[in-house]
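Colleague: curious how this folds, go ahead:
(2 chains)
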Amino acid sequence: MKLPIIKHRRGIYGLAIVTAFALIPWTSAKAHNPIFTPGPHLIYNGGLEVDAGYTRGRKSGNGEKETENEGETGFEYGLTADWTVEADISYLDKDLNATGSSGLGDVVLRSRYRFSRISTKGVQKSAAILAQVKLPTADDDSNPRLGSGSTDFLGGLLYGYESRRWYYNLAARYRLNTEGGGGLEKGDKQFLDIVGGVRPFLTGYKQPDGVLFLELNFENSGRDNLNGSDVTNSGGWEMFLSPGIFATYRNVALRTGVQIPIADNLNGKQANSDYRFKFEMKYTF
Amino acid sequence: MTKRIRNFILAAVITLMTAAPAWAENHIYKLYVDGLACPFCAYGVEKMVGGLDGVKSIEIDIDAGVVNVTMKDDAKLDQDVAKKAVDDAGFSLRKFAEPGSRS
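Modeller: Numbering: from 1, shown residues only, chains lettered A, B, ... in the order given. Below you'll find the predicted structure:
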C-alpha cells in the first residue's frame, strides 16, 4: 500500500511545479547556448522561455542493451538580466534487455547567475555559475528503474564567447549524488565541455539564422555504492564528439545534435554508450 | 490675386513635402548597443525597448549594432530609461543619439 501513496506524492510535486510556472507572466526570449553544454547566455529580465524536446540514448555491450527515450518540457524565467530560474519536467520510456518501463522522470530545478558580462560591438563574453537540484520524482521501484530515487545536486562554472561569426564555450560541472532507493548511491559525476561554433551565413534581424556547433563532452563517474560497498561494474569515463545545429527565426528556435562516443574507460563490465540524440524546440512569448 | 494665392499654396505644399522627412527623422533615436550578435538575442531588445512608453516601432541592425527607435507623436525617449531597457535585455548601451544629432 506504500507505493501508491509515494506515487501520489510525486504527482503533487509535479503538479505544484507546473502550477507555479503557469502563474508566471508569459513574456519571454533567450540566447544561443550549445546543444549538450550549458552556457552562460540567459533570458532577459522578466522573460520566459518554454521548450519541448526529445532525447534518445542507447547503450550496448557486455550482454546488455539499454534504450532510453525522453520527452521533456522546460521553463526558463529571468529574475533579472543576469539571473534565471529554470525547471525541467520529463517523461521517460526505458528498455533494458527487452524489459520496459515508463513514467514521469526526475524533476530538475536549476538556476544560473551571470557574474560577468563584457559586451563590445557584435561580441559578448560572459561567465556564469550554475546550481541545480534533481528531485526524486521518477519511479525507482520499476524495472528498469526510471530514477535513482535520490536528491542530487550539481554545481558548475560556465563561460561563453559569442560573436557574429564565432562561438566558444567552456563548462565544468560536478554532480553530487546522494543515496537513493534500495540503498544505492550513484557515484558522483564530473563533466567537462569544450565547444566551438560558427554562423556560416550572417543574416539580419527577422531573418532565419543558423549556428553549427561541435562539442567535446567528457563525463567521469565515480563507482556506485550499494549498502556501503562499491559496485564493481560501475563508474569510469566517456568522451563524446557532438555535432549540432541551432536554428532560429526571431523568437522560435530549434536545437538538435547527436553525441557520438569517441573514447571511454568504464570500470568492470558495462554497456557502452552508442549514441545520444537530442531535438528541442524553444519558444519565446 | 488668384495667381498669388495659387503660388502661395504651391509653396506651402512644397515646404511641407520637403519638411516631412526631417519631421519623421526627429522622432527616431539611435541606440548603439554592444553585445548584439544574433537575431534570436535581439528579440530581447525588441521586447524590452519596444515595450517602453511612447515607442512606436523599432528596427534592429545587428551588423551595425544599432537599434533605431521611432517614437510616437510628441513622445521622447530618456537616455537612462533606454540604458536600463538595453541592460535588462542583457546588453550594453554604448551610445545614445537623439533625433537630429549627428551620429
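Colleague: name the residue closest to the centre of chain B, please.
Modeller: Nearest to the geometric centre of chain B sits residue B:28, at 1.8 Å (CA atoms, centre = their mean).
Colleague: does it touch residue B:72 like I think?
Modeller: No: if you go by CB atoms under 8 Å, residue B:28 and residue B:72 don't touch, sitting 11.9 Å apart. Glycine gets a C-beta too; all of them are placed from N, C-alpha and C.
Colleague: check contacts around the residue of chain B found nearest chain A.
Modeller: Chain A sits closest to residue B:35 of chain B, with a gap of 3.1 Å, by CB to the nearest CB. When contacts are counted by CB atoms under 8 Å, 6 or more residues apart in numbering or on different chains, residue B:35 touches A:117, A:119, A:120, A:123, A:124, B:41, B:90, B:91, B:92.
Colleague: in strands, which of those appear?
Modeller: Assigned to strands by DSSP state E, the following of the contacts of residue B:35 qualify: A:117, A:119, A:120, A:123, A:124, B:92.
Colleague: please convert the buried members of these into PyMOL selection syntax.
Modeller: To isolate the buried members of the ones in strands among the contacts of residue B:35 in PyMOL, using 16 or more other CB atoms under 10 Å in any protein chain shown:
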select buried, (chain A and resi 117+119+123+124) or (chain B and resi 92)
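Colleague: closest to residue A:138 among the ones in strands among the contacts of residue B:35?
Modeller: Nearest to residue A:138 out of the ones in strands among the contacts of residue B:35 is residue A:117 (CB to CB; 35.7 Å).
Colleague: pLDDT score for that closest one?
Modeller: Per-residue confidence (pLDDT) for residue A:117: 96.
Colleague: hmm, which of the contacts of residue B:35 is lowest in pLDDT?
Modeller: residue B:41 (86).
Colleague: that one and residue A:123, how far apart?
Modeller: Taking CB to CB, to the nearest Å as the measure, residue B:41 falls 12 Å from residue A:123.
Colleague: which neighbours do those two share?
Modeller: Common neighbours of residue B:41 and residue A:123 (CB under 8 Å, 6+ apart) are A:162, B:35.
Colleague: how about the residue of chain A found nearest chain B: what's its closest non-neighbour residue?
Modeller: Residue nearest to chain B within chain A: residue A:119 (3.1 Å; CB to the nearest CB). Nearest residue to residue A:119 in three dimensions, chain neighbours excluded: residue B:35, at 3.1 Å (CB to CB, 6 or more residues apart in numbering or on different chains).
Colleague: next: residue A:71.
Modeller: Residue nearest to residue A:71 in three dimensions, not counting chain neighbours: residue A:91, with 4.7 Å by CB to CB, 6+ apart.
Colleague: separation between the one you found and residue A:146?
Modeller: Distance, residue A:91 to residue A:146, by CB to CB: 10 Å.
Colleague: who has more neighbours out of these two?
Modeller: Legend: neighbour count by other CB atoms under 10 Å in any protein chain shown for residue A:91 and residue A:146, higher for residue A:146 (25 against 15).
Colleague: a helix runs through the more buried one, doesn't it?
Modeller: No: counting by DSSP: H, G, I helix; E, B strand; the rest coil, one finds residue A:146 to be coil, located in no helix.
Colleague: you'd agree it is up against residue A:96?
Modeller: No: with contact defined as CB under 8 Å, residue A:146 does not reach residue A:96; the gap is 11.0 Å.
Colleague: okay, now the unreliable bits of the stretch 151-285 of chain A?
Modeller: Nowhere does the stretch 151-285 of chain A drop to pLDDT under 70.
Colleague: which neighbours do residue A:91 and residue A:146 have in common?
Modeller: A:102, A:103, A:104, A:105.
Colleague: most neighbours out of those residues, which is it?
Modeller: Tallying neighbours with other CB under 10 Å puts residue A:105 at the head of the shared contacts of residue A:91 and residue A:146, with 24 neighbours.
Colleague: excluding covalently adjacent residues, which one is nearest to that one?
Modeller: residue A:90 (3.5 Å).
Colleague: go ahead and confirm the one you found touches residue A:72.
Modeller: Yes: Residue A:90 is within contact range of residue A:72, at 4.2 Å (criterion: CB under 8 Å).
Colleague: now do the shared contacts for these two.
Modeller: By CB under 8 Å, 6+ apart, residue A:90 and residue A:72 have these common neighbours: residue A:105.
Colleague: quick one on the thing from earlier: and the residue nearest to the centre of chain B, what are its bridge partners?
Modeller: Beta-bridge partners for residue B:28, by DSSP bridges, are residue B:70.
Colleague: and the pLDDT at it?
Modeller: Taking residue B:28 on its own, its pLDDT is 93.
Colleague: likewise the one 4 residues further on?
Modeller: You'll see residue B:32 listed with a pLDDT of 97.
Colleague: what helix or strand is it on?
Modeller: strand B:28-34 (DSSP states H and E).
Colleague: contacts for that strand?
Modeller: By CB under 8 Å, 6+ apart, the list of residues contacting strand B:28-34 reads A:119-121, A:123-124, B:45, B:49, B:65-71, B:77, B:82, B:86, B:91-99, B:103.
Colleague: who are the contact partners of the most centrally placed residue in chain A?
Modeller: Residue closest to the mean C-alpha point of chain A, counted by CA atoms, centre = their mean, is residue A:36 at 6.9 Å. By CB under 8 Å, 6+ apart, the contact set of residue A:36 is A:193, A:215, A:217, A:240, A:242, A:244, A:257, A:259, A:276, A:278.
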